[in-house]
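Enquirer: what's the 3D shape of this:
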Amino acid sequence: MLSRDYAPDSSLKLVGDRYELLKRQRVAVGRCVCSDGVRWSRRARMTRPEDVAGRGLWLDGYNVLTTVEAALAGGVLLAARDGTLRDMAGMHGTYRKVAETRPAIERIGRVVERLAAGEVVWYLDRPVSNSGRLRAILLEMAAQAGWPWHVELVADPDPILAQSRAVVATA
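Expert: Numbering: from 1, shown residues only. Presented below is the predicted three-dimensional model:
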């Protein structure tokens, strides 16, 4: 339906009503679908892990971190139509550190280290509460591990990441 220019919200309502989906199921469907054009555009921009070495890596901080946290907590991860993994967690202006936060950062750090990325920059949404605290945790852990990370608090990471020539990691 999305490939035929139906609006996402009305498409989701139509499919959800037709198959009597519960609210959480509708959220899952909404997180996984995209039009054919969007699907192919996103797949064309994907970078193979072996092509990251020496290149800048910019992370959509909250998206990457909350997805890994969800995985470590045994939460639902969805294989989206565009080839990405998405979690079911929704952020609504507040981030809370959880038991999985530090282990998630550690895992992300080890993966980034194996990829041998060049400059690594985390972008966090400044309007989200506790962004400053998360920034401090990221920098503390990076210093302890010897990871040369930068962490930027910005009003909205999306336009910055969209203009990047670096490899962008998001969820």
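Enquirer: How is the chain divided into domains?
Expert: Taking automatic domain parsing as the domain assignment, the record places the domains of the chain at 1-33, 47-169.
Enquirer: most tightly surrounded among the ones you listed?
Expert: Each of the domains of the chain was assessed for mean neighbour count using mean count of other C-beta atoms under 10 Å. The highest is domain 47-169, with a mean of 16. C-beta coordinates here come from the backbone N, C-alpha and C atoms, glycine included.
Enquirer: Check the separation of the first and last residues in it.
Expert: Looking at domain 47-169, the gap from its leading to its trailing residue is 10 Å under the measure C-alpha to C-alpha, to the nearest Å.
Enquirer: How far does that domain sit from its chain's centre?
Expert: Using C-alpha atoms, centre = their mean, to the nearest Å, the mean C-alpha position of domain 47-169 is found 7 Å from that of the whole chain.
Enquirer: Let me know the average pLDDT across it.
Expert: Along domain 47-169, the predicted local confidence has a mean pLDDT of 94.
Enquirer: Where do the strands of the chain begin and end?
Expert: Listed from the start of the chain, the chain has strands (DSSP state E) covering 57-60, 77-79, 85-87, 120-125, 149-154, 167-169.
Enquirer: Just checking: what are the partner strands of the first one?
Expert: What it means is strand 57-60. Under the criterion DSSP bridges, strand 57-60 sits next to strand 120-125 (parallel), strand 167-169 (parallel) in its sheet.
Enquirer: what sits up against that strand?
Expert: 108, 112, 115, 117-123, 157-158, 160-161, 164, 166-171 (C-beta atoms under 8 Å, 6 or more residues apart in numbering).
Enquirer: again, only using 7 Å
Expert: Outside strand 57-60, the residues that touch it by C-beta atoms under 7 Å, 6 or more residues apart in numbering are 112, 117, 120-123, 157, 161, 164, 166-170.
Enquirer: Equivalent analysis for the last one, please.
Expert: Residues from elsewhere that reach strand 167-169, judged by C-beta under 7 Å, 6+ apart: Thr47, Val52, Arg55, Gly56, Leu57, Trp58, Leu59, Asp60, Val64, Leu161.
Enquirer: now the residue nearest to Ser35 when sequence neighbours are not counted: how far from Arg48?
Expert: Of all residues beyond its chain neighbours, the one nearest Ser35 is Leu2 (4.0 Å), with distances taken as C-beta to C-beta, 6 or more residues apart in numbering. According to C-beta to C-beta, to the nearest Å, Leu2 stands 27 Å off from Arg48.
Enquirer: This protein: helices as residue ranges?
Expert: In the chain, the segments counted as helices under DSSP state H are 8-18, 23-32, 36-45, 61-72, 101-115, 131-145, 157-162.
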